[in-house]
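K.L.:
For reference, the sequence and a predicted model appear below.
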Amino acid sequence: MTSWASRYRSGDHVAVWNDLRAFGSAGVPESLREDAEDVASETMRRVAANVDVLVDRLSSAGYAFASPETVRQAPTEDDFEAIAKAEAVIGPLPVALRACLEIVGAVDLCGDGGSMLPHVRYHAPPREPRDLYPDPLVLHSGRMLWDMLSSTVGDVSLGCACTDPEEDELCGFHANGFFFSIAPDGAAKANFSGGDHCIRLPNANPDPPLRGIPVSGSISLVEYLRRSLAWGGFPGYAIRPVHVPPPALLERLRSQLRKF
């Protein structure tokens with residue numbers, strides 16, 4: 001049987017991820033995990049390269065990043081250590097999420113688009129609800145995963161209610177899991193009170209579903225990244241009101257990005 005990785009590199013991107021996603025909560029069998037990880041790594045290498053292109057094109061167009069020093073941060077040793085510590089607590093991460101944290105790293109395309117992207121307004125007062133949130137691409141780091149987990153769960157090595165024989169119920173973490181905010185939602189990215197794009201962990205799904213994305217049905221991490229890059233890093237334009245035309249800059253941003 002042709003490996004998923006070979007099929008993926010031959011251009012069968014969507015079908016391969018559909019095959020992986022079909023395993024659902026059961027997860028990929030251990031005998032196939034290396035192949036799945038190879039696909040995830042190749043996918044995220046392409047995502048990382050595309051993000052670098054977007055950052056360069058946005059910079060050249062005069063886009064005002066909200067946090068210029070953290071627009072794109074490649075993973076560091078601290079991130080790798082943080083991911084390992086997180087997995088020691090919650091178990092193996094979904095292969096797509098792990099590859100994203102280890103290869104893409106942190107991304108923050110929030111900012112002010114001026115006349116080029118008039119709906120992208122991080123600093124424009126007043127900060128109030130809008131009928132369109134462009135949802136610039138943001139991805140949190142491995143270190144952020146560990147920080148969020150630690151603040152939510154505490155020091156699991158010290159034990160929890162589950163280790164007390166007199167307790168009848170599981171603690172909150174072991175009963176409900178942990179929701180990793182991989183990014184703020186569209187409203188928060190516009191500097192208005194909002195929520196998060198979350199992944200529930202532990203999760204064996206190779207390509208886990210994201211919560212907090214305004215779509216009908218569910219959308220996975222890889223699908224969200226695909227949609228985001230297909231819209232030049234601003235996937236909120238995919239659900240813009242009918243009276244709002246897509247900015248011309250989007251076509252220049254998304255042209256000739258690598259498919260994944």
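P.N.:
Sure thing, it's come through.

K.L.:
So which residues of the chain form strands?
P.N.:
In order along the chain, the chain carries the following strands (DSSP state E): 64-65, 72-73, 106-108, 111-113, 117-121, 138-139, 178-184, 196-201, 209-210, 219-220.

K.L.:
so which of those gets nearest E87?
P.N.:
Nearest to E87 among the strands of the chain is strand 196-201; the distance by C-beta to C-beta comes to 9.7 Å. Bear in mind the C-beta positions are built from the backbone N, C-alpha and C, glycine included.

K.L.:
So for the closest one, what gets flagged as buried?
P.N.:
Taking 16 or more other C-beta atoms under 10 Å as the basis for neighbour counts, the residues of strand 196-201 that come out buried are 196-199, 201.

K.L.:
so what does it touch, helix or strand wise?
P.N.:
The helices and strands touching strand 196-201, judged by 3 or more C-beta pairs under 8 Å, 6 or more residues apart in numbering; DSSP states H and E, are strand 178-184, strand 209-210.

K.L.:
Adjacent strands (with direction) for the shortest one?
P.N.:
I take that to be strand 209-210. Note on strand 209-210: by DSSP bridges, its sheet partners are strand 219-220 (antiparallel).

K.L.:
neighbours around R33, how many?
P.N.:
Around R33 sit 14 other residues, with neighbours defined as other C-beta atoms under 10 Å.

K.L.:
Closest to W146 out of the buried residues of strand 196-201?
P.N.:
Using C-beta to C-beta, the shortest approach to W146 within the buried residues of strand 196-201 belongs to L201, at 12.0 Å.

K.L.:
Now do stretch 189-200: distance from first to last residue.
P.N.:
Distance between the boundary residues of stretch 189-200 (C-alpha to C-alpha, to the nearest Å) amounts to 21 Å.

K.L.:
what's the longest helix in the protein?
P.N.:
With secondary structure taken from DSSP state H, the chain has its longest helix at helix 30-60.

K.L.:
which strands and helices sit next to that one?
P.N.:
For helix 30-60, the packing partners by 3+ C-beta pairs under 8 Å, 6+ apart come out as helix 4-9, helix 13-21, strand 72-73, helix 95-99, helix 221-230, helix 248-254.

K.L.:
Dump those into a markdown table; add mean pLDDT as well.
P.N.:
Output for the helices and strands packed on helix 30-60, formatted as a markdown table (pLDDT from 0 to 100):
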| stretch | mean pLDDT |
| --- | --- |
| helix 4-9 | 98 |
| helix 13-21 | 98 |
| strand 72-73 | 96 |
| helix 95-99 | 98 |
| helix 221-230 | 98 |
| helix 248-254 | 95 |
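
K.L.:
Most tightly packed of those?
P.N.:
helix 95-99 (a mean of 25; mean count of other C-beta atoms under 10 Å).

K.L.:
tell me how far the longest helix of the chain is from the chain's mean position?
P.N.:
Offset of helix 30-60 from its chain centre (C-alpha atoms, centre = their mean, to the nearest Å): 12 Å.
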